[in-house]
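In: any chance you could fold what I've pasted below:
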Amino acid sequence: MTKAVIDTTVLVSAFLKPNPGGVSFELLLFAKEGRFELYLSDGILEEVADALMGYERIRRRYRYSDSSIVEYCQNLEELAKLVRKVPEVRGVVARDPDDDMIVACALAADADYLVTRDKDLLSLGRHGRITMITPEAFLRVLRARE
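Out: Presented below is the predicted three-dimensional model:
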């Protein structure tokens, strides 16, 4: 079974645009259908909640409640396999050390893919056995395996 970590930007996008046909939302449907194993960490879930709670510009545009954020994060926690013991990883992503947390989750999960739109992560290409991949490319990989 293919294992993947989906980063914060993609998860936030799935929340903001929960429509069938949207790539980020579609990935969560694929995870729900068991077409790949989704792995997340507490740190990723916290970052998703913080991003959705904290950006007033986004909140004004999309108009959502705090309770919808909490519910979304709870649903993600139920959908994913939670990586509780994330090793400390430093220096993998030179331009944005905060991204090291995402890489650490993927390493701890022994993931095949780290799904992201983050240019710093994508520029790595690979880290160990983990392939950094866009959501669109990951959907293509999953569909090709059917």
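
In: for Leu114, phi and psi?
Out: Phi and psi for Leu114, reported as degrees, to the nearest 10, are phi -120, psi 110.

In: in this structure it contacts Pro135, no?
Out: No - Leu114 is not in contact with Pro135 according to C-beta atoms under 8 Å; the separation is 11.2 Å. (Glycine included, C-beta is placed from N, CA and C.)

In: the two: which is more packed in?
Out: Leu114 (28 against 22; other C-beta atoms under 10 Å).

In: for the closest residue to the more buried one other than its chain neighbours, pull up the helix or strand it's in.
Out: Among residues not flanking Leu114 along the chain, Ala106 sits closest, at 4.6 Å (C-beta to C-beta, 6 or more residues apart in numbering). Under the criterion of DSSP states H and E, Ala106 resides in helix 100-109.

In: avg pLDDT for that helix?
Out: Per-region confidence: helix 100-109 scores 91 on mean pLDDT.

In: could you check the pLDDT of Arg60?
Out: 88.

In: again, but for the one 4 residues further on
Out: In the predicted model, Tyr64 carries a pLDDT score of 94.

In: ok, Arg90 next?
Out: 60.

In: if we can go back for a sec, what about dumping the CA coordinates of the helix holding Ala106 to CSV?
Out: Extracted C-alpha coordinates of helix 100-109, given in CSV (Å, rounded to 0.1, in the frame of the first residue of the first chain):
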residue,chain,number,x,y,z
ASP,A,100,11.7,19.9,8.4
MET,A,101,8.7,18.9,10.6
ILE,A,102,6.9,17.6,7.5
VAL,A,103,9.9,15.7,6.3
ALA,A,104,10.3,14.2,9.8
CYS,A,105,6.7,12.9,9.7
ALA,A,106,7.3,11.3,6.3
LEU,A,107,10.5,9.7,7.6
ALA,A,108,8.8,8.4,10.7
ALA,A,109,5.9,7.0,8.6
